[in-house]
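Novice: Sequence first, predicted model second:
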Amino acid sequence: MPTPLRSASIFLGDNAGALDPGIQAEATHLFQPTAHDVSLEGGSHVAKVIAAAVGKVQAGLASPAPVVSQTVARAVAVAEALPSALPDPNSPIVRSEPTLWSILRRVDLSTVDDRLLLRIGAIYLEAATSFGKPSPTALRAVLAYLDALGTSSALAALVVVEQTTNRAWTKVLGKMTPRTHSHRSAAADLAEQRIERRWKGERAFPNPQRQIGGGFELTATEVIHVAIQVRSSAERGNVLSYLIAIAHWIGLWLWELMQIQLFKPNVGGLVRVADDSTHVIVDLTGVFDDLARAGGPGCKPSTMLLRIPLPMWIAQWLRAYRMANPTAQSLADLTDLTLAKAMNRIPELDAAHQDRATVRRFIDSRVAPVFEDRHQHVIAIGLLAFRLAEKSAYNYPAVTFSEIRDVLELRATKLNWGQICEVAVDDDECVGSRKTPLRSAVIELLSARRKAVEASRPGPNAGWDRLVEFHNHFIRYILVLCTLAWLLRGNAEHHLPNSLMQLFKALGFRDKEVPHATCAPAPLTCGSILRLQLDYLRVHLPVLIKRLAKRTEGRTEREALVMAIQASGQGVGPDALLWLVEDNSIRVAGARDLGAGLPLDWNFSADALRHFATDAHREVGSSAAMIELMLRHAGNGFELFSSACAVSMREWEADAGAAQDRMLGSLQARAVAGLVITLQGASQ
């Protein structure tokens, strides 16, 4: 049964003479009559005006609620009894501000304009249904119109009345029409904007409360215990427990969730419930506003719409309520419950957990039961828990629907909430950037680069052009390998230090200027695959220089190039690790060379492989902390190696190298040899 509006509950009993002092005081507060007003006119005329005015409102509603007629009948009774309820007949007359009583007393029902009567009814109902005082601005506008009657300014004064009472009329339309959301439209929009800003802030900016190591207010055991009791209470018919369960599952604070137009048809929004009530659709476009919107061949089928399947018992309840109330647009419309922001108690919870397990803590600790069982990036997106990690956790991974469904199934099992609903979505559909390449496209890129190296491999008598062609293909393959292994940015040429060939690591390397950096980035390290590849490069360069020197054919530009290479780095190449030869000059290899010259539809952004590598690392089991360190974000972190750190450089190199090998191995990547010295001493 719907919960009656509070305005109807203030008028107790059918006998006007039975009004208790509390109700009389509230009615006095509403009308604000003075002793002079009461002595001049009793409540009979005021009651008739109220009945006529509210009747106009009722006639203007498409489907008025029964509470309207109840309000009219009991308001008339209160108005008629009001003169005897005035506590002090000698109270002073207040003439500076009009009162609702003085306005109603001046209305002549035989000549009043219907538009004015409608707005008076709106003023009265707005105040009566919220126990607030009538708007002084609206009352002054009505009084000005009454004073202007019979003059040329009356029409203009009536227009002012309509303008100043628009707020009251809008609120009445919502409150007096059963189960509509029109009066909450502005509040719903503001709530969605507030939620979106909060999510975006948690995602994009350094958050000292991020839970990369846990730190939830309730433990996993406590969350599970409360969840079992919430479901039990809900299935016994406690509507509030149902609402708490929905808020916990989606990850929104309860009082915000009640304001959102979850069921508004044919209109997009931040959060919407699907027509069949099987899942919730969350539009992350405004949260992920810096991710690529356009994809293409070779890119993952990504979207900004996150689909969260609901537990079946919640979905069944929603469907039943929506069938009974097909015009409902919010949870408040379905249940007729109005919750205060401060409402924070879970109903029917055992005494041992009442003080600690509040509604807010129950919702905010929703991640705890699955935190250690699934990858943090998947949990952060699937459970809308953006405090879990920094911006990198959401900028790069393209989390698939199958991963999200998996973590939600595990969550439902742990909470004893049964099975979740089936949702007709492709398991490979992702939430994330639409420029992230498919795994098959990256494997094809690596394969094409290897084939280009082998196809151009020079024989012992190869000329200058062939040697240069082979070197460029060889460098481009290493570039792809290094970009994946070190998650390199694509916004500039990669000035990787030449020392990597000897040390197999680089401290303090940056491929992006970070003026606000608070710490040095994690060092570049090499796993076994990359270490072997750099060994091949170290052997290749002296052989290349030697063979190029024999093929200059006396041409000045070629001799100058060989001398430049020999002079820079004492015969082991320029200062940069990866360089190409173009037009007899040296150019440092960069992101534009990743797909250059290949018969592939290269439709990836400059950072595509960097973004993809986070997915590849996640799929082979690399932790969120490891991925964050490999991304080398230095804007909000701590020194990895310091006097207070228990992790040695050697341990970091071993762990990072092993993770790197697992990721590259999953892509069928391997080291490729360059030019070498044969056992017979001939260069190949």
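Specialist: Sure thing, it's come through.
Novice: Which residue ranges of this structure form strands?
Specialist: With DSSP state E, the ranges of strands along the chain come out as 271-273, 279-283, 302-303, 305-309, 399-400, 430-431, 505-506, 524-525, 579-582, 585-588.
Novice: Which strands or helices does the third one pack on?
Specialist: For strand 302-303, the contact count by 3 or more CB pairs under 8 Å, 6 or more residues apart in numbering; DSSP states H and E identifies strand 430-431 as packing neighbours. To be clear about C-beta, it is placed using only N, CA and C from the backbone, and glycine gets the same treatment.
Novice: From the contact counts, what lies against the strand it packs on?
Specialist: strand 302-303, strand 399-400, helix 401-414.
Novice: quick revisit: Val453: which of the strands of the chain is closest?
Specialist: Of all the strands of the chain, strand 579-582 sits nearest to Val453, with 13.7 Å by CB to CB.
Novice: Which positions in that closest one come out as buried?
Specialist: For strand 579-582, a neighbour-count test (16 or more other CB atoms under 10 Å) marks Trp579, Leu580, Val581 as buried.
Novice: Now the strands of the chain in JSON lines, please, with extra columns for mean pLDDT and distance to Pro347.
Specialist: JSON lines is the format used below for the strands of the chain (pLDDT from 0 to 100; distance: least, CB to CB, whole Å):
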{"stretch": "strand 271-273", "mean pLDDT": "91", "distance to Pro347": "23"}
{"stretch": "strand 279-283", "mean pLDDT": "92", "distance to Pro347": "23"}
{"stretch": "strand 302-303", "mean pLDDT": "86", "distance to Pro347": "37"}
{"stretch": "strand 305-309", "mean pLDDT": "93", "distance to Pro347": "24"}
{"stretch": "strand 399-400", "mean pLDDT": "88", "distance to Pro347": "35"}
{"stretch": "strand 430-431", "mean pLDDT": "88", "distance to Pro347": "34"}
{"stretch": "strand 505-506", "mean pLDDT": "81", "distance to Pro347": "58"}
{"stretch": "strand 524-525", "mean pLDDT": "88", "distance to Pro347": "54"}
{"stretch": "strand 579-582", "mean pLDDT": "89", "distance to Pro347": "69"}
{"stretch": "strand 585-588", "mean pLDDT": "86", "distance to Pro347": "66"}
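Novice: Take those strands and lay them out in TSV including distance to His495.
Specialist: Compiled in TSV, the strands of the chain are given as follows (distance: least, CB to CB, whole Å):
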stretch	distance to His495
strand 271-273	45
strand 279-283	40
strand 302-303	31
strand 305-309	38
strand 399-400	33
strand 430-431	33
strand 505-506	11
strand 524-525	12
strand 579-582	10
strand 585-588	6
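Novice: Quick one: closest of the ones you listed to Trp101.
Specialist: Nearest to Trp101, of all the strands of the chain, is strand 271-273, at 44.7 Å by CB to CB.
Novice: what comes into contact with that closest one?
Specialist: With contact meaning CB atoms under 8 Å, 6 or more residues apart in numbering, strand 271-273 is reached by 192, 195, 250, 252, 257, 260-264, 279-283, 318.
Novice: Mind doing that once more with 7 Å?
Specialist: Contact with strand 271-273 is made by Ile250, Leu252, Ile260, Leu262, Phe263, Val280, Ile281, Val282, Leu318, as judged by CB atoms under 7 Å, 6 or more residues apart in numbering.
Novice: List the strands paired with that strand, with their directions.
Specialist: strand 279-283 (antiparallel) (DSSP bridges).
Novice: one step back: can you add neighbour count and give the contacts of strand 271-273 back as a markdown table?
Specialist: Converted to a markdown table, the contacts of strand 271-273 look like this (neighbours: other CB atoms under 10 Å):
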| residue | neighbour count |
| --- | --- |
| Ile250 | 21 |
| Leu252 | 22 |
| Ile260 | 27 |
| Leu262 | 27 |
| Phe263 | 23 |
| Val280 | 21 |
| Ile281 | 17 |
| Val282 | 23 |
| Leu318 | 22 |
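Novice: wait, which of these is closest to Ala141?
Specialist: Ile260 (33.7 Å).
Novice: can you give me the helices in the stretch 401-550 of the chain?
Specialist: 401-414, 439-455, 464-486, 500-503, 528-549 (DSSP state H, counting those that start in this stretch).
Novice: Of these, flag the one that's most buried.
Specialist: helix 464-486 (a mean of 22; mean count of other CB atoms under 10 Å).
Novice: got the angle between it and helix 528-549?
Specialist: Here the directions of helix 464-486 and helix 528-549 differ by 160 degrees (axes from the mean of the first three to the mean of the last three CA atoms, to 10 degrees).
Novice: could you give the mean pLDDT of helix 464-486?
Specialist: Confidence over helix 464-486, taken as the mean pLDDT, stands at 93.
Novice: and what of stretch 323-332?
Specialist: 80.
Novice: What residues of that stretch count as buried?
Specialist: Per 16+ other CB under 10 Å, stretch 323-332 contains these buried residues: Asn325, Ala328, Gln329, Ser330, Leu331, Ala332.
Novice: Run through who's touching stretch 308-326.
Specialist: 179, 242, 245-246, 249-250, 263, 273, 277-280, 282, 328, 333-334, 405, 408, 412, 417-421, 423.
Novice: What residues sit buried inside that stretch?
Specialist: For stretch 308-326, a neighbour-count test (16+ other CB under 10 Å) marks 308-315, 317-318, 321-322, 325 as buried.
Novice: Using PDB, write down the CA coordinates of that stretch.
Specialist: C-alpha atoms of stretch 308-326 as PDB (Å, rounded to 0.1, in the frame of the first residue of the first chain):
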ATOM      1  CA  ILE A 308      25.700  -4.700 -14.400                       C
ATOM      2  CA  PRO A 309      23.600  -7.900 -14.200                       C
ATOM      3  CA  LEU A 310      21.300  -7.900 -11.100                       C
ATOM      4  CA  PRO A 311      20.800 -10.900  -8.800                       C
ATOM      5  CA  MET A 312      17.700 -12.700  -9.800                       C
ATOM      6  CA  TRP A 313      15.800 -12.100  -6.600                       C
ATOM      7  CA  ILE A 314      16.300  -8.400  -6.900                       C
ATOM      8  CA  ALA A 315      15.300  -8.400 -10.600                       C
ATOM      9  CA  GLN A 316      12.100 -10.400  -9.800                       C
ATOM     10  CA  TRP A 317      11.100  -7.800  -7.100                       C
ATOM     11  CA  LEU A 318      11.800  -4.900  -9.500                       C
ATOM     12  CA  ARG A 319       9.700  -6.500 -12.300                       C
ATOM     13  CA  ALA A 320       6.800  -7.100 -10.000                       C
ATOM     14  CA  TYR A 321       6.800  -3.500  -8.700                       C
ATOM     15  CA  ARG A 322       7.200  -2.100 -12.200                       C
ATOM     16  CA  MET A 323       4.300  -4.100 -13.500                       C
ATOM     17  CA  ALA A 324       2.100  -2.800 -10.700                       C
ATOM     18  CA  ASN A 325       3.400   0.800 -11.300                       C
ATOM     19  CA  PRO A 326       4.200   1.000 -15.100                       C
END
